[in-house]
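Q: next come a sequence and a model predicted from it.
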Amino acid sequence: MNIISQPLVPKDVVADTPLDLSTLSSKFVTSPPKKILMSKNQNRAMKLLNAGCMPLFSPARREWDKEEIVEFTARPMSADRKLLIVEYAAMTLEASLTPGHILNIDRGDLIDRYNPLVLPGTSFVLTNHPFRKCRYYNYDVLRIIAIGLDIPDTSRFLDILEESVKGRDQSLDTILSIIEKANVELRLEP
C-alpha cells in the first residue's frame, strides 16, 4: 500500500499552459495523507517526481488503476498489451509535438519520456545503456525519498537535482498539467 495517498495538487494549472518551473515550489501544494506528515525532503522529492527532469529522471508514473478513465476493456490485459497501449499513446503524442517530422527516438527513451502514462503491470523495456540506467537510479532514489525512507546525503542529492530542473525538457508540461488537473496520484511503488 502506498503511504503517499494524495498527489501534489496544482493551485492554478490550466490544461493548455505549460508548467512554469521558476515557480515550482509555490505552484504545487502538498496534500499529505491523514495522520502522516511529510518531511521537507519528501515534499521536495514529490515535486521533482511530479514534473520530472528529462533526461536525468522521468516524471513519476501515476495511479491509473484507480481512475475510471482507464477502463479500456472488461477483461484483464497482459503486461505486453499494456506496453503496446503506452507505446501507441506515446508515439501519437510525440508525433503531435513534431508534426511532419519522422520520429527518431529509442523505444526505451520514448517510454521513459512518457512514464506518467505507464499502466500498472506494464512490461518493462530492458536496457544496458548506462545513461538510461542512471535515469532509473535517480528516479528510484527520488521515489525512496518520497515514500519517507532516509538515505545518506538526501538534502545534497535533492539540491543538485533541483538545480538541474532549470535545463529540463519542458515539451511534456502541457500533458503533465492535464494529469495534475485530473488529480491523478503519483505511483511510488516499484
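A: Alright, I've got the coordinates.
Q: might you list the low-confidence residue ranges for this structure?
A: Residues of the chain meeting the criterion pLDDT under 70: 1-36, 66-75, 190.
Q: where along it do the helices fall?
A: 24-27, 40-51, 79-97, 107-113, 130-146, 154-164, 173-181 (DSSP state H).
Q: among these, which comes closest to Leu188?
A: When the helices of the chain are compared by Cβ to Cβ, helix 130-146 sits nearest Leu188, at 5.2 Å. (Glycine included, C-beta is placed from N, CA and C.)
Q: helices or strands up against that closest one?
A: Counting contacts by 3 or more Cβ pairs under 8 Å, 6 or more residues apart in numbering; DSSP states H and E, helix 130-146 packs against helix 40-51, helix 107-113, helix 154-164.
Q: can you list the buried residues in that helix?
A: Within helix 130-146, the residues scored as buried using 16 or more other Cβ atoms under 10 Å are Arg132, Arg135, Asn138, Tyr139, Val141, Leu142, Arg143, Ile144, Ile145, Ala146.
Q: how near is the nearest residue to Cys134 once chain neighbours are set aside to Leu48?
A: Leaving aside its sequence neighbours, Cys134 sits nearest to Leu56 (Cβ to Cβ, 6 or more residues apart in numbering; 7.7 Å). According to Cβ to Cβ, to the nearest Å, Leu56 stands 10 Å off from Leu48.
Q: over to Glu63?
A: For Glu63, the distance to Leu48 - Cβ to Cβ - is 18 Å.
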